[in-house]
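1. next come a sequence and a model predicted from it.
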Amino acid sequence: MKVALITGITGQDGSYLADFLLEKGYKVHGLRRYSSTNPIKNLQHILINKKINKNFFLHYADVTDTDSIFRVIKDVKPIEIYNLAAQSHVHASFQVPEYTAQVDAVSQLRIIEVVKQINPKIKIYQAATSELYGNSNKKIQNEMTSFAPISPYSVAKLYGYHISKVYREAYGMFITNGILFNHESPRRGPTFVTKKITAGIKQIINGKQTHIKLGNLNSKRDWGYAKEYVESMWLMLQQKKPSDFVIATGQVYSVRNFVEEAFKYVNIKIKWKGKGLKEVGINSKSNKVLVKIDPYFLRPNELHYLKGDYSKSKKILGWKPKVKFKELVKIMMENELIE
């Protein structure tokens, strides 16, 4: 039976990847940090399922602590490691830049070095990000597009990307970078804009809040479905040779589009009034203000546009997206309203 180790297993991607690998017949081990709370909501369905949890194990460790990483990898003996652990909130990275560097940059080096010492044949997947491209002058970004990071988060991820390539080329290690564009799901954390929108709409409908506060409505992204993106991570580690791959949909929509589509699901049409920080989203029937701009959520450096070219992944991995933008919003809203 194949053994995999997932860092960041309690997050959106980690939990979906755990589901995927368990269905593939893997023994799945995951890292979790010590906490006084219980941050494993995304894994509860696995823990209570007696048929699959016999092949599922959680270990207390932290990617900022080399000793704990060494201990777990030595004990677990995985054939594949998926490094998904990250401080993944771009806005927060401006507030905690040093911590972001430790978790998103140096942790990848720690994992690679431990693997190099214990068993350099272990395959490693490193979670890169479309944020690496920054405000690219290209209309569509692929594996050959130059990087121009504009946040502490993306700079840290750039280190993780390049150190992976250095060890791959210098020592012949199997390390691959997955350059995933925005991918969302019902398991998204509450501070991310898509979840903030869907959860906010639920709160508005239930009378628990009057409006949603957002940042840049005109920011355009390539939005995909996280549940199907994790398959690409696995496919990357099944190749004969390691390489780097863009995972995306090739379609672009703005935060404004997401707001409109999400409200449409509950039969509310949003019309926009005002400009800049004073712009608001209004219920076209009741004229109630449902969306406001809060300067707090604006980044010091705004990333305006990202669109991915996944043709290499389609050709080599046989992967392509199935869930498109409107269906993604529907999936998130459906889940939000039944919880």
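-> Alright, I've got the coordinates.
2. quick one: the helices in the stretch 151-300 of the chain, in order.
-> With DSSP state H, counting those that start in this stretch as the criterion, the stretch 151-300 of the chain has helices at 152-171, 193-205, 226-236, 255-265.
3. out of the ones you listed, deepest packed?
-> helix 226-236 (a mean of 22; mean count of other Cβ atoms under 10 Å). Placement of C-beta: from N, CA and C, glycine included.
4. can you put the helices of the stretch 151-300 of the chain in JSON lines and add distance to Asn55 and mean pLDDT?
-> Converted to JSON lines, the helices of the stretch 151-300 of the chain look like this (distance: least, Cβ to Cβ, whole Å; pLDDT from 0 to 100):
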{"stretch": "helix 152-171", "distance to Asn55": "28", "mean pLDDT": "98"}
{"stretch": "helix 193-205", "distance to Asn55": "29", "mean pLDDT": "97"}
{"stretch": "helix 226-236", "distance to Asn55": "16", "mean pLDDT": "98"}
{"stretch": "helix 255-265", "distance to Asn55": "36", "mean pLDDT": "98"}
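5. which residues touch the helix or strand Glu334 falls within?
-> If you go by DSSP states H and E, Glu334 is part of helix 325-338. Applying Cβ atoms under 8 Å, 6 or more residues apart in numbering, the external contacts of helix 325-338 come out as 184-186, 188, 194-195, 198-199, 201-202, 205, 223-225, 249, 251, 253, 257-258, 261-262, 265-266, 323.
6. any chance of CSV for the helices of the stretch 151-300 of the chain, columns distance to Ser243?
-> Below are the helices of the stretch 151-300 of the chain laid out as CSV (distance: least, Cβ to Cβ, whole Å):
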stretch, distance to Ser243
helix 152-171, 9
helix 193-205, 29
helix 226-236, 8
helix 255-265, 32
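7. which one of the ones you listed lies closest to Lys51?
-> helix 226-236 (20.1 Å; Cβ to Cβ).
8. before we move on, back to that, so for Leu5, which of the helices of the stretch 151-300 of the chain sits nearest?
-> The nearest among the helices of the stretch 151-300 of the chain, by Cβ to Cβ, is helix 226-236 at 12.9 Å.
9. packing partners for that closest one?
-> Here helix 226-236 touches helix 12-23, strand 123-129, strand 175-180, strand 183-184, strand 245-247, going by 3 or more Cβ pairs under 8 Å, 6 or more residues apart in numbering; DSSP states H and E.
10. average pLDDT for the second one?
-> The reference is to strand 123-129. The average pLDDT for strand 123-129 rounds to 98.
11. cool, the longest one as well?
-> For helix 12-23, mean pLDDT is 97.
12. beyond that helix, next helix or strand please.
-> Following helix 12-23 toward the C-terminus (DSSP H and E): strand 27-32.
13. just for this protein, where's the confidence low?
-> 35-38, 50 (pLDDT under 70).
14. now do stretch 254-264: everything it contacts.
-> Stretch 254-264 is contacted from outside by 193-194, 197-198, 201, 212, 214-221, 223, 269-270, 272, 281, 290-291, 325-326, 329, 332-333, using Cβ under 8 Å, 6+ apart.
15. in stretch 130-142, what counts as buried?
-> Using 16 or more other Cβ atoms under 10 Å as the test for burial, stretch 130-142 gives Ser130, Glu131, Leu132, Tyr133, Gly134, Ser136, Ile140, Gln141, Asn142.
16. hang on, isn't the second one packed against Ala148?
-> No. The pair Glu131 / Ala148 is not scored as a contact, 10.3 Å apart, by Cβ atoms under 8 Å.
17. residues in contact with Gln141?
-> Counting by Cβ under 8 Å, 6+ apart, Gln141 has contacts Ser130, Tyr133, Val246, Leu306, Lys307, Gly308, Asp309.
18. and it, what are its phi and psi?
-> Backbone geometry at Gln141, expressed as degrees, to the nearest 10, gives phi -110, psi 140.
19. who's it bridged to?
-> Under the criterion DSSP bridges, Gln141 forms beta bridges with Gly308.
20. could you measure from it over to Asp222?
-> To Asp222, Gln141 is 9 Å away according to Cβ to Cβ, to the nearest Å.
21. go on, Ile79?
-> Taking Cβ to Cβ, one finds Ile79 at 31 Å from Asp222.
22. again, but for Lys165
-> From Lys165 to Asp222 the distance is 23 Å (Cβ to Cβ).
23. rewinding a little: now the buried residues of stretch 130-142 in JSON lines, with distance to Lys74?
-> Formatted as JSON lines, the buried residues of stretch 130-142 follow (distance: Cβ to Cβ, whole Å):
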{"residue": "Ser130", "distance to Lys74": "34"}
{"residue": "Glu131", "distance to Lys74": "33"}
{"residue": "Leu132", "distance to Lys74": "32"}
{"residue": "Tyr133", "distance to Lys74": "37"}
{"residue": "Gly134", "distance to Lys74": "38"}
{"residue": "Ser136", "distance to Lys74": "41"}
{"residue": "Ile140", "distance to Lys74": "43"}
{"residue": "Gln141", "distance to Lys74": "38"}
{"residue": "Asn142", "distance to Lys74": "38"}
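24. hmm, back to that, filter the contacts of stretch 254-264 to the buried ones?
-> 193-194, 197-198, 201, 212, 214-217, 219-221, 223, 270, 281, 290-291, 325, 329, 332-333.
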